[in-house]
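> fold the following.
(chains A and B)
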Protein chains: 2
Amino acid sequence: MDDINAPTRRKLFETIGKAGGMVALYQAMTSLGHAAETQFNGPPKLSGARKGSTVVVLGAGLAGMLAAYELTKAGYKVRILEFQGRPGGRNYTLRGGDSHTEIDGTTQKVEFSQGNYLNPGPWRIPHHHRTLLHYCKQLGVQLEPFIQLNHNAYVHNTDAFAGKPVRYKAVATDFKGHISELLAKSLQQNALDEKVTTEDKERLIEAMRGWGVLDKDLSYKSSLKVSGQRGYDQPPGAGLGGVPTPSNITTLHDVLDSKVWNTMSFYFSYVMQTTMFQPVGGIDMIGKGFAREVGHLITYNAKVSKIGQNAKGVTITYEDALTGAVSQAKADYCVCTIPLSVLSQLEVQVSDEKAAAIKAVPYSGQVKIGLEFKRRFWEEDESIYGGHSFTNQPISLVSYPNFNFFQKGPAVLLGAFASGANAYPLAGMTPEQRIEAALAQGEAIHPQYRKEYMNGTSVAWSRVPWSLGCCAQWNDESRKEHYQNMVSMDGRIVLAGEHASYYGCWMEGAMLSSIDAITRLHKRALEA
Amino acid sequence: MDDINAPTRRKLFETIGKAGGMVALYQAMTSLGHAAETQFNGPPKLSGARKGSTVVVLGAGLAGMLAAYELTKAGYKVRILEFQGRPGGRNYTLRGGDSHTEIDGTTQKVEFSQGNYLNPGPWRIPHHHRTLLHYCKQLGVQLEPFIQLNHNAYVHNTDAFAGKPVRYKAVATDFKGHISELLAKSLQQNALDEKVTTEDKERLIEAMRGWGVLDKDLSYKSSLKVSGQRGYDQPPGAGLGGVPTPSNITTLHDVLDSKVWNTMSFYFSYVMQTTMFQPVGGIDMIGKGFAREVGHLITYNAKVSKIGQNAKGVTITYEDALTGAVSQAKADYCVCTIPLSVLSQLEVQVSDEKAAAIKAVPYSGQVKIGLEFKRRFWEEDESIYGGHSFTNQPISLVSYPNFNFFQKGPAVLLGAFASGANAYPLAGMTPEQRIEAALAQGEAIHPQYRKEYMNGTSVAWSRVPWSLGCCAQWNDESRKEHYQNMVSMDGRIVLAGEHASYYGCWMEGAMLSSIDAITRLHKRALEA
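Numbers count the residues shown, from 1 in each chain, chains lettered A, B, ... in the order given. Now for the predicted structure:
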């Protein structure tokens, strides 16, 4: 165990503080990593490309469009080849009137009302994803808070509380109450004297009493004070009948059934912590923002079949997905952002090591289901505004919309966000069966589901033709063997995308990767 | 300890579920209190007032205006007497160009830039304050999320970490890590075998391992996994240098110094839990919303000196605060919402019991200080978007604005929210001294303070002439002796306001109180 106040470090801070004042001290703390929030150090400062240098970018997702945007500014002549008929890649949003087709041809038409949407891929932005925040600002993408932790949402576990949902606030309060009681009593009985000093022991008992809302005997019991966290049977009111009545706590045994600590831990996860944001109007506002800048460089419906290179340049062979016409694009360099799931099926002229890396990383297959309901019953009936109710059923969660709070009329919630083993059965179903599964599981949390349901749409990422998966699934072994080979520049080709980062499945990873890739490409180009 | 699954209750639910389906079951659960969120059952349904019946309302705060709004709809002829020259009472907002004067004549002129503001009184709305939410909807008051829990804000304690601020996420993660380790090891060493069954013991150890992010030996140690909650030394990146490095955990001893569980508990408080809201543009949008409906009924600058009543009606004596002219207002009934701090100094014709109640409740004296800075350095330098940094200094917290995120230019943060013993010294200072105190204490958290400071304004509630305090401070004894006497109807007079509720200091309490008061007044008027 190291200590933030370790003598040497503290001494250094003190010296700096004396010499340069608080601002210098703050900067020193930052530079020593204490306030490090990101690897983003501002947009790449590229300039002075050799006259006439050209780059072909494969894929008009965020990584590809960022590369095109910054390389163009640096003086390169850039073009982008994109398989789909729109920019953004996995950064996209489904709205009423849109349709989407799976690998077997199954097509769904989205029936959402005006203004409602589903973000099938990325949907939320951590406050520390400064690359993404930088480009949102630069591109005029307006952001609004994404409610992450909602104490009033439900925790649902089919093995707990007879399968009934319970409010997060209630069961989380009970969890910390019970463990505080146990730890406090254990300390009191001197069971931990070897591990805790006498001074800390007393302080820790008081901490447990406060944090766990324990009574004078260090017991966690139903009381108005406890209800002041977990909720009341009758909440405080006013006038003659204003007096509140306490709610009944649940037992440790039942709390353990609920596995609520999984939810509590989720909210502590670095990438899930508040404050989070979402673009106003849908996540695709980011892709559209980039497209305003580089859309004129994009050739749509360009299905790449071969990526070749030699000492003089790169040659990309592609087919027009609408006409079948085959063309070639030539350039000095190539930034390839095609997902590995697709890239691994193409002919790519790279070293054996990179070829092996491209084939080494499997892709995840999340399933998201958007359900439109006639009204916001979760708000109107249950006082739930944004956030998530988690369940141990395959749908994993019900996530509530974070915009147009309090509005009348139809709204879309995320009725499933299944991953891993939960995703495969859902992906194997027809769209109608998926909706039925989402309704059947969701109504265990919200009995209003059937009565209020209007329509829904599902995206099973393993069946999306243009990505064949959601995102790269690295593990410790594949990182060790293949990561550096993946990201290294190979002749005139460099890969970029979330797969070429330690931020897999996040837009931030794709963008940081793109910055790293084009920075090295530019350096190489100037050295050439 | 009672159990949510207690057999009788569960049996009842099962029976209802079989008989009436899930919706019936849900309603039954709600009616049994499991989902009780409020004492609000919709706006009062008052109608059929006796022709020509009149009510005088004292005070144009939320309680007073709600009373006027609903009583007018019920058929009463209502007028409101208001001491100030504006509606809203404590529901108010200070903007550039406003000025405010304390009891000794000290006047501050607010210098905030266009669009910036300070809410000196109420400022945030819990999701379960359904009375307030109802009227916001009805009056067209637009709401936006109020960020409450921000994992990236600071915890600051002058006695911890050499007085340096630490990120909430880091020290809170360490707190739960250390206590998880201690409890897990205590369980493992059979110290709690009398309190926990063998089955639960194993499950609880696994819960501690997961929730506390313990290693295979049940120890809490620096690791990438732990950094995945508390933050990294170098966060994950992309490309060649993308690999993250772990941060160093702090010791239990240092965590105890920080008293972080106070902050953790605060976020668990029923009235502080997410999701919270604020009106777009300032809290006074609520008062202004009511004033759009009942503003024409208000006589401003009316300083009440006497509240009289007899068998035939009430007579209110008041002075025009601008001209000194004395007038009387007569009506059949009176709803008095004047704060007890002021009311206790007037001549009021009520029973001895009510008179005693009016004198029995002291008022709190919070101090709020708004500071305007040249730029949002907390966002730009420190990735803090909304939420609070808590400190053990008298300012208590620094709270960040929850609107106009990412914008350039000046912004106002709440630089102090002092109460209790912390408030008195600040209230005793000149406005300039208060600002200096806020800057001196705040720069221990944000060293940018002095460089970026523009101007500030402070409101010391104990020195506000029209309320002489912030809100009523009941305790168990005064509740027992005086509460029912306070809220009971006394002849033709009924009191309303946050002081006549179990929701002291909250707008919800004032509004629930008003609904209760006018419902009883109406009943009495029809019986008369």
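
> quick one: the strands in the stretch 201-350 of chain A?
Taking DSSP state E, counting those that start in this stretch as the test, the strands found in the stretch 201-350 of chain A are A:232-234, A:245-246, A:276-279, A:298-299, A:302-310, A:313-320, A:326-331, A:333-336, A:347-348.

> please apply the same query to the stretch 1-150 of chain A.
Shown for the stretch 1-150 of chain A, the strands assigned by DSSP E, counting those that start in this stretch span residues A:54-58, A:77-81, A:94-95, A:99-101, A:107-109, A:117-118, A:125-126, A:143-146.

> distance to chain B and mean pLDDT for those strands - can I get that in TSV?
All C-beta atoms are positioned from the backbone trio N, CA, C, and that covers glycine. Formatted as TSV, the entries for those read as follows, by distance: least, CB to the nearest CB, whole Å; pLDDT from 0 to 100:
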stretch	distance to chain B	mean pLDDT
strand A:54-58	16	98
strand A:77-81	19	98
strand A:94-95	23	98
strand A:99-101	29	97
strand A:107-109	28	98
strand A:117-118	19	98
strand A:125-126	9	98
strand A:143-146	5	98
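
> compare the ones you listed and give me the one nearest A:Asp490.
Between A:Asp490 and the strands of the stretch 1-150 of chain A, the shortest gap by CB to CB is with strand A:54-58, which sits at 13.9 Å.

> re the thing from before, go through the strands of the stretch 1-150 of chain A and pick out the most buried.
Using mean count of other CB atoms under 10 Å in any protein chain shown, the stretch among those with the largest mean neighbour count is strand A:54-58, at a mean of 27.

> quick one: list the elements packing against that one.
Applying 3 or more CB pairs under 8 Å, 6 or more residues apart in numbering or on different chains; DSSP states H and E, one finds that strand A:54-58 makes contact with helix A:62-74, strand A:77-81, strand A:313-320, strand A:326-331, strand A:333-336.

> distance to A:Thr245 added to those, as a markdown table?
A markdown table is the format used below for those (distance: least, CB to CB, whole Å):
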| stretch | distance to A:Thr245 |
| --- | --- |
| helix A:62-74 | 53 |
| strand A:77-81 | 64 |
| strand A:313-320 | 70 |
| strand A:326-331 | 73 |
| strand A:333-336 | 64 |
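
> which one of those lies closest to A:Ala291?
Using CB to CB as the criterion, the shortest distance between A:Ala291 and those is 6.8 Å, found for helix A:62-74.

> the closest one and chain B, are they touching?
No. Helix A:62-74 is not in contact with chain B by CB under 8 Å from any CB of the partner chain; minimum separation 9.3 Å.

> dump that helix to PDB, keeping only the CA atoms.
Taking only C-alpha atoms (Å, rounded to 0.1, in the frame of the first residue of the first chain), the coordinates of helix A:62-74 have been written out as PDB:
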ATOM      1  CA  LEU A  62     -15.600   9.000 -35.500                       C
ATOM      2  CA  ALA A  63     -12.000   7.700 -35.800                       C
ATOM      3  CA  GLY A  64     -12.100   8.100 -39.600                       C
ATOM      4  CA  MET A  65     -13.700  11.500 -39.700                       C
ATOM      5  CA  LEU A  66     -11.400  12.800 -36.900                       C
ATOM      6  CA  ALA A  67      -8.400  11.600 -38.900                       C
ATOM      7  CA  ALA A  68      -9.800  13.300 -42.100                       C
ATOM      8  CA  TYR A  69     -10.600  16.500 -40.200                       C
ATOM      9  CA  GLU A  70      -7.200  16.900 -38.600                       C
ATOM     10  CA  LEU A  71      -5.100  15.600 -41.600                       C
ATOM     11  CA  THR A  72      -6.900  18.000 -43.900                       C
ATOM     12  CA  LYS A  73      -6.000  20.900 -41.600                       C
ATOM     13  CA  ALA A  74      -2.400  19.700 -41.600                       C
END
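
> against which helices or strands is that helix packed?
Contacts of helix A:62-74 with other secondary structure elements, assessed using 3+ CB pairs under 8 Å, 6+ apart, are made with strand A:54-58, strand A:77-81, helix A:284-294, strand A:333-336, helix A:507-527.

> show me the contacts for the residue sitting furthest away from the middle of chain A.
Here the centre of chain A is the reference, and by CA atoms, centre = their mean the most remote residue is A:Leu240, at 48.5 Å. Counting by CB atoms under 8 Å, 6 or more residues apart in numbering or on different chains, A:Leu240 makes contact with B:484, B:487-488, B:516, B:520.

> for chain B, what's the nearest residue on the stretch 101-250 of chain A?
Among the residues of the stretch 101-250 of chain A, A:Gly239 lies nearest to chain B; the distance is 2.7 Å by CB to the nearest CB.

> can you redo the strands of the stretch 201-350 of chain A as TSV with distance to A:Ile125 and mean neighbour count?
Shown next, in TSV, are those (distance: least, CB to CB, whole Å; neighbours: other CB atoms under 10 Å in any protein chain shown):
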stretch	distance to A:Ile125	mean neighbour count
strand A:232-234	35	18
strand A:245-246	40	16
strand A:276-279	4	22
strand A:298-299	24	18
strand A:302-310	29	18
strand A:313-320	32	19
strand A:326-331	32	14
strand A:333-336	24	28
strand A:347-348	32	16
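
> what about the closest residue to A:Ile384 other than its chain neighbours, which SS state?
By the measure of CB to CB, 6 or more residues apart in numbering or on different chains, the closest residue to A:Ile384 outside its immediate chain neighbours is A:Trp378, 4.3 Å from it. Each residue gets one of three states, and A:Trp378 gets helix by DSSP: H, G, I helix; E, B strand; the rest coil.

> circling back: roughly how far does the residue farthest from the centre of chain A sit from B:Ala528?
Taking CB to CB, to the nearest Å as the measure, A:Leu240 falls 19 Å from B:Ala528.

> so what touches stretch A:39-50?
When contacts are defined by CB under 8 Å, 6+ apart, stretch A:39-50 is touched by residues A:70-71, A:73-76, A:130-131, A:134-135, A:138, A:512, A:515, A:518-519, A:522, A:525-526, B:234-238, B:241-242.

> pLDDT below threshold where in chain A?
For chain A, the stretches flagged by pLDDT under 70 are A:1-36.

> who wins for proximity to A:Val56 among the strands of the stretch 201-350 of chain A?
Closest among those, once you apply CB to CB, is strand A:326-331, at 3.9 Å.

> helices and strands around the closest one, which ones?
strand A:54-58, strand A:77-81, strand A:313-320.

> and with 6 Å instead?
For strand A:326-331, the helices and strands in contact under the criterion 3 or more CB pairs under 6 Å, 6 or more residues apart in numbering or on different chains; DSSP states H and E are strand A:54-58, strand A:313-320.
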